[in-house]
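>>> Give me a 3D structure for the following:
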Amino acid sequence: MPIHYQVTENPSVIRDTTEALYQHIFAVSDTAKFYPRFETETDFMAVLAYNQTDLIGFKLGYRKSKNTFYSWLGGVLKVYRGQGVGQQLMQIQHQRCQEKGYAKIQTKTMNQWRKMLILNLQNGFEIVETYRDKEGELKIILEKSLIEKNSL
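Predicted coordinates for the structure are as follows:
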């Protein structure tokens, strides 16, 4: 059966649906960094990837400002990587953001997530800033315009 995708915008459904997969993909048991955003941010969106009824990947984000959507978290189970699932999750998220009137998408990554960095660059993101966090980790901020150049 082919992989199918679903979009949901209900924060509690998103949180409940993606928590276990988040813990598995990122090898964390503490969700203290995961939960607060669901209480403080608005206009949540999740694109979910399923193999039959099994959740195999997700892409989460929320409104950063009036014109900017923040692509916050995403991941695909290791066994499904390299099959275009992450690419499809990203394309669906970007299309939905365009439909909702966002002008750009921003995301943040680190050097340790090189495949995600490369996927972002291949999909039109540009590095706009870098900085080191409290632990000394290099953070890379990327942005992508959703406005077609021909329409300017």
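>>> isn't Lys144 right up against Asn123?
Yes: taking Cβ atoms under 8 Å as the definition, Lys144 is a contact partner of Asn123 at 7.0 Å. C-beta: built from backbone N, CA, C; applies to glycine.
>>> more neighbours, the two?
Using other Cβ atoms under 10 Å as the criterion, Lys144 and Asn123 rank with Lys144 on top: 20 against 15.
>>> secondary structure element for that one?
strand 138-145 (DSSP states H and E).
>>> How far does that strand sit from its chain's centre?
The gap between where strand 138-145 is centred and where its chain is centred comes out at 12 Å by Cα atoms, centre = their mean, to the nearest Å.
>>> now stretch 135-152
13 Å.
>>> Put the alpha carbons of it into CSV.
Extracted as CSV, the C-alpha positions of stretch 135-152 are listed here (Å, rounded to 0.1, in the frame of the first residue of the first chain):
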residue,chain,number,x,y,z
GLU,A,135,25.6,24.8,24.8
GLY,A,136,27.9,26.0,22.0
GLU,A,137,25.9,24.2,19.3
LEU,A,138,25.8,25.9,15.9
LYS,A,139,22.2,26.8,14.9
ILE,A,140,21.4,27.6,11.2
ILE,A,141,18.4,29.7,10.4
LEU,A,142,17.0,29.3,6.9
GLU,A,143,14.2,31.1,5.0
LYS,A,144,12.3,30.5,1.8
SER,A,145,10.0,32.9,-0.1
LEU,A,146,6.6,31.5,-1.0
ILE,A,147,5.9,34.4,-3.4
GLU,A,148,6.6,33.5,-7.0
LYS,A,149,9.2,35.8,-8.5
ASN,A,150,6.9,36.2,-11.6
SER,A,151,4.2,37.7,-9.5
LEU,A,152,6.3,40.6,-8.2
